[in-house]
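Undergrad: got a structure for you, letters missing:
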């Protein structure tokens with residue numbers, strides 16, 4: 001088994017690292033908040049004092065951090081992974097970051113003789129705990145092939161997207177669909193409530209036919225029950241849709257619907273709801289419609 005380092009033990013990283021440990025890989029971990037590593041350390045993971053120390057102890061280092069700035073810091077900053085670079089080391093960045101950042105980090109890693117894959121994921125924490133994530137990978141094909149057994153421990157669907165930066169590009173395209181779908185589901189439920197329909201009937205009828213979406217199936221019941229505990233936060237969805245819009249501008253593509261969904265997410269953020277699940281956009285739409293979505297008695 002390979003020695004794996006894991007950096008970033010948030011909602012998703014905790015479960016992903018646990019999958020690797022349970023598969024028998026020697027695991028060295030680091031997180032900005034050390035308390036989040038307690039359960040993994042109890043299970044046998046080794047704590048390192050810095051990302052560079054993680055790298056020195058590992059054959060493969062995986063990062064799963066918040067954004068592009070955090071990824072840059074843990075990879076290339078003081079005490080970062082590249083300070084601990086050694087022959088044979090591989091970097092896998094599974095964070096949701098911009099394609100430009102991903103390519104930039106890969107270039108700097110290459111200058112240290114370290115190949116890198118960008119491999120963001122799709123799926124909620126429960127999906128991560130079951131090892132059924134979708135994983136989209138960019139980078140050298142031979143490195144992807146070498147790391148495929150690691151990906152299969154964490155993911156049920158692993159897709160090779162192409163050269164460096166294409167994994168993060170595919171992630172933006174995927175999350176564009178998700179963000180717009182959640183917004184559409186929220187709009188439908190608010191309209192149904194305003195028109196006098198039981199929102200539960202919307203959830204039931206859209207479980208079949210062409211209007212069926214994962215967004216309604218997973219978020220619809222939670223919106224009706226007003227459960228906005230974070231699976232994919234407003235702040236993270238806003239970040240990804242903003243990055244998708246930026247990519248579209250660079251490619252000369254218009255994204256009018258994604259742009260509208262991003263503005264409602266911006267409103268939710270301004271209301272202090274950035275840490276709640278992105279389906280909390282329903283409450284912004286409710287305020288605009290002067291109605292409340294709730295099941296009929």
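TA: Done, it's in. Please read all numbers here as calculations on a predicted model, not as lab measurements.

Undergrad: only C-alpha atoms for contact and neighbour calcs from this point on.
TA: Fine.

Undergrad: mind listing the helices for the stretch 101-250 of the chain?
TA: Using DSSP state H, counting those that start in this stretch, the helices of the stretch 101-250 of the chain run over 125-129, 141-154, 166-195, 199-205, 214-224, 234-251.

Undergrad: buried residues in the last one?
TA: Neighbour-count burial for helix 234-251 flags 234-245, 247 (criterion: 16 or more other C-alpha atoms under 10 Å).

Undergrad: now the residues you listed in JSON lines, with pLDDT?
TA: Formatted as JSON lines, those follow (pLDDT from 0 to 100):
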{"residue": "234", "pLDDT": "97"}
{"residue": "235", "pLDDT": "95"}
{"residue": "236", "pLDDT": "92"}
{"residue": "237", "pLDDT": "95"}
{"residue": "238", "pLDDT": "96"}
{"residue": "239", "pLDDT": "93"}
{"residue": "240", "pLDDT": "93"}
{"residue": "241", "pLDDT": "96"}
{"residue": "242", "pLDDT": "95"}
{"residue": "243", "pLDDT": "93"}
{"residue": "244", "pLDDT": "95"}
{"residue": "245", "pLDDT": "95"}
{"residue": "247", "pLDDT": "94"}
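
Undergrad: Between which two of the residues you listed is the distance greatest?
TA: Greatest spacing in the buried residues of helix 234-251, by C-alpha to C-alpha: 234 and 247 (19.7 Å).

Undergrad: How is this structure partitioned into domains?
TA: Domain assignment for the chain by automatic domain parsing gives 3-163, 169-289.

Undergrad: circling back to that earlier point, most tightly surrounded among the helices of the stretch 101-250 of the chain?
TA: Mean neighbour count (mean count of other C-alpha atoms under 10 Å) peaks for helix 166-195 among the helices of the stretch 101-250 of the chain, with a mean of 22.

Undergrad: now that helix and helix 234-251, what's the angle there?
TA: 120 degrees (axes from the mean of the first three to the mean of the last three C-alpha atoms, to 10 degrees).

Undergrad: Now helix 166-195: average pLDDT?
TA: The average pLDDT within helix 166-195 is 97.

Undergrad: Determine the angle, from 0 to 180 degrees, between it and helix 214-224.
TA: Orientation check (the same axes, to 10 degrees): helix 166-195 against helix 214-224 gives 50 degrees.

Undergrad: Helix 166-195: how far from the chain's middle?
TA: Put simply, helix 166-195 sits 15 Å off its chain's centre (C-alpha atoms, centre = their mean, to the nearest Å).

Undergrad: now the strands for the protein?
TA: Assigned strands in the chain, in chain order: 3-7, 26-30, 46-47, 60-63, 90-93, 116-118, 121-122, 133-138, 155-162 (criterion: DSSP state E).

Undergrad: now for those, which one comes closest to residue 227?
TA: strand 121-122 (20.7 Å).

Undergrad: Neighbouring strands of that closest one in the sheet, and parallel or not?
TA: strand 133-138 (antiparallel) (DSSP bridges).

Undergrad: related to what we said a few turns ago, ok, the buried residues of helix 234-251 vs residue 16, which is closest?
TA: Using C-alpha to C-alpha, residue 236 comes nearest to residue 16 of these, at 18.4 Å.
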